[in-house]
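Colleague: need a 3D model of the sequence below.
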Amino acid sequence: MRTYLVVANQTLQRAELRDELRKRIEAGPSSFYLLVPDTGAADYPDVAAAAGVLQPSMTWWMTDYRGPGTDEEASTQARQRLGQMLADLGALGVPVEGDLGSAQPVEAMEKVFADHQFDEIIVATLPQPVSRWLRADLPHRAERRFGLPVTAIITKRWP
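Modeller: Purely as a prediction, here's the structure:
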């Protein structure tokens, strides 16, 4: 059985990630650990700042987006996304577990690796202009740090 560490927060419910997990499941027996770094409200992308870096065709959603107002609200949203994905994968009969971790993704991964072994890491991020994880080169940092292949799933839209 192949074991996967999935690292995502705002992108956990995105179609791109779901499609990637479905491919893994169809390829053979798989289990997943969903790690959701508990991003604080202040670290959610700023809609006004994002408007300056996104192409006009990508800003249609901005009038409807409102990030969490507090860290507690951000944690609640993250727990809801995690709970939904755990339920969805569990309903497919796939072995799955997960938890919220440190807001710092590499630190959160280190804690999970203390008790688990994986064959691959899957990191799902926001699009390039707004992704803190891509600016910090998280996929490559994780690959170097843990010595495992890392698949980066970059969503096409935000939020």
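
Colleague: what ranges in the protein fall below the confidence cut-off?
Modeller: Scanning the chain for pLDDT under 70 picks out the ranges 41, 43, 45-67, 157-159.

Colleague: which stretches in it count as helices?
Modeller: Under the criterion DSSP state H, the chain contains helices at 15-27, 47-53, 71-91, 105-113, 132-135, 138-146.

Colleague: to residue 40, which of those lies closest?
Modeller: Residue 40 lies closest to helix 71-91 among the helices of the chain, at 4.7 Å (Cβ to Cβ). In this view, the C-beta of every residue, glycine as well, is placed from N, C-alpha and C.

Colleague: report the buried residues of that closest one.
Modeller: Neighbour counts using 16 or more other Cβ atoms under 10 Å place 74, 75, 77, 78, 81, 82, 85, 86, 89 of helix 71-91 among the buried residues.

Colleague: now stretch 129-142
Modeller: By 16+ other Cβ under 10 Å, the buried positions in stretch 129-142 come out as 129, 130, 131, 133, 134, 138, 139, 141, 142.

Colleague: from the chain's centre, how far out does that stretch sit?
Modeller: Taking Cα atoms, centre = their mean, to the nearest Å, one finds stretch 129-142 lying 11 Å from the centre of the chain it belongs to.

Colleague: now swap in stretch 6-14 and tell me
Modeller: Offset of stretch 6-14 from its chain centre (Cα atoms, centre = their mean): 3 Å.

Colleague: ok, now stretch 22-37?
Modeller: 13 Å.

Colleague: CA atoms only: put that stretch into PDB for me.
Modeller: The C-alpha trace of stretch 22-37 is given here as PDB (Å, rounded to 0.1, in the frame of the first residue of the first chain):
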ATOM      1  CA  ARG A  22      -8.500   9.900  -7.300                       C
ATOM      2  CA  LYS A  23      -5.600   9.000  -9.600                       C
ATOM      3  CA  ARG A  24      -3.600   7.600  -6.700                       C
ATOM      4  CA  ILE A  25      -6.600   5.600  -5.500                       C
ATOM      5  CA  GLU A  26      -7.200   4.100  -8.900                       C
ATOM      6  CA  ALA A  27      -3.500   3.200  -9.300                       C
ATOM      7  CA  GLY A  28      -3.600   0.800  -6.400                       C
ATOM      8  CA  PRO A  29      -4.100   0.500  -2.600                       C
ATOM      9  CA  SER A  30      -3.500   3.900  -1.000                       C
ATOM     10  CA  SER A  31      -3.700   5.600   2.300                       C
ATOM     11  CA  PHE A  32      -3.600   9.300   3.100                       C
ATOM     12  CA  TYR A  33      -2.600  11.500   6.000                       C
ATOM     13  CA  LEU A  34      -4.200  15.000   5.500                       C
ATOM     14  CA  LEU A  35      -2.100  17.700   7.100                       C
ATOM     15  CA  VAL A  36      -3.700  21.100   7.300                       C
ATOM     16  CA  PRO A  37      -1.300  23.800   8.500                       C
END
